[in-house]
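[1] The amino acid sequence is not available; the structure is as follows:
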């Protein structure tokens, strides 16, 4: 009798857990109905950008310098969600990929996209090892590739447009443009001014985007006048750590943003920055 009662209790708990899971799934599904969410995660001095389409497809661009990305993902993902469809490493610098080691260990990842440039750092080697161990499909980013997330929602790879093997890692950064209807987000990694100017020459006004993630955490090595003019964003995002040792964002960049009257949001001031789009307009979450 005692065993029957014990099994019955576990059965009831199991049913309750399933019911609660369905309720949470319904809540999260309703909350993202027709809405694209882009979260610039507060992971200190580095980059980590989480994207979720209305249909639930998810992309993580970079993972920051450490395991703090797991904590921040826990704030923007349902607790039961243990998979991410696409992970993109913009380039193999530690402040962009170290956190991805934990992500690939903890989450089931469908596709891993990276630049062709290599690194000898322990973080890069560990990331390569875990991607092989988990047998994750790998794609080398190249201009012209398109990741389709949902109806009318896609990510276009703008750069690299050639092999970046043995390049400087920042120069080899993946530049990607997330598009949903009339809205768009331009993600630049640590891409330097010479690549910005090349893309401005190549794409001109088609670079225009609602949101620009500033290159290299607001460093003076990025955010050239010609690029800012071409992108002409409604908002710029600075992903950097509070009182970081590099002095990011640099005064030259802050002054340039003021000159072009581009509002900026910074993770070191605002924490995780969540911007949502319905395909017509964008909205910064309070």
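    Happy to help now that I have it. Small disclaimer: the values here were computed from a predicted structure and weren't measured.
[2] Tell me the confidence at residue 170?
    At residue 170, the pLDDT value in this model is 98.
[3] Could you give the bridge partners of the residue nearest to the spatial centre of the chain?
    Compute the mean C-alpha point of the chain, and by C-alpha atoms, centre = their mean the closest residue is residue 49, 2.3 Å away. Beta-bridge pairing for residue 49 (DSSP bridges): residue 40, residue 61.
[4] per-residue confidence at it?
    For residue 49, pLDDT reads 98.
[5] With residue 151 instead?
    95.
[6] Then residue 45?
    pLDDT, residue 45: 97.
[7] For it, give me its contacts.
    65, 95, 217, 240, 241, 244, 246, 248 (C-beta atoms under 8 Å, 6 or more residues apart in numbering). Any C-beta I mention is one placed from the backbone N, CA and C, and that applies to glycine too.
[8] does it count as helix, strand or coil?
    Following DSSP: H, G, I helix; E, B strand; the rest coil, residue 45 is assigned to coil.
[9] Would you mind measuring from the residue nearest to it when sequence neighbours are not counted to residue 95?
    Once flanking residues are discounted, residue 45 sits nearest to residue 241: 3.3 Å by C-beta to C-beta, 6 or more residues apart in numbering. Separation of residue 241 from residue 95 (C-beta to C-beta, to the nearest Å): 9 Å.
[10] Helices of the chain, residue ranges please.
    2-31, 68-76, 94-106, 122-133, 193-203, 225-231, 251-259, 267-270 (DSSP state H).
[11] Any idea which of those has the lowest pLDDT on average?
    helix 2-31 (a mean of 46).
[12] what domains does the record give for this structure?
    1-31, 35-284 (automatic domain parsing).
[13] Wait, residue 184 touches residue 156, no?
    No. In this structure residue 184 lies outside contact range of residue 156 using C-beta atoms under 8 Å: 9.3 Å.
[14] Now do the shared contacts for those two.
    Contacts common to residue 184 and residue 156, judged by C-beta under 8 Å, 6+ apart, are residue 177.
[15] Looking only at neighbour counts, state which of these two leads.
    residue 184 (21 against 16; other C-beta atoms under 10 Å).
[16] tell me the contacts of that one?
    177, 178, 208, 209, 210, 211.
[17] now with 10 Å?
    156, 177-178, 206-212, 231, 233, 277, 282 (C-beta atoms under 10 Å, 6 or more residues apart in numbering).
[18] Go through the contacts of residue 45 and name the one nearest residue 108.
    Residue 108 has its nearest neighbour among the contacts of residue 45 in residue 65, at 23.3 Å by C-beta to C-beta.
[19] Tally up the residues packed near the closest one, please.
    22.
[20] That one contacts residue 43, doesn't it?
    Yes. Residue 65 lies in contact with residue 43 (C-beta atoms under 10 Å); the separation is 6.8 Å.
[21] what touches both of these two?
    Contacts common to residue 65 and residue 43, judged by C-beta under 10 Å, 6+ apart, are 95, 98, 99, 241.
[22] Same list, these, but as TSV with neighbour count and distance to residue 69 please.
    Listed next are these as TSV, based on neighbours: other C-beta atoms under 10 Å; distance: C-beta to C-beta, whole Å:
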residue	neighbour count	distance to residue 69
95	25	11
98	25	9
99	30	4
241	19	13
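[23] Great, nothing more from me.
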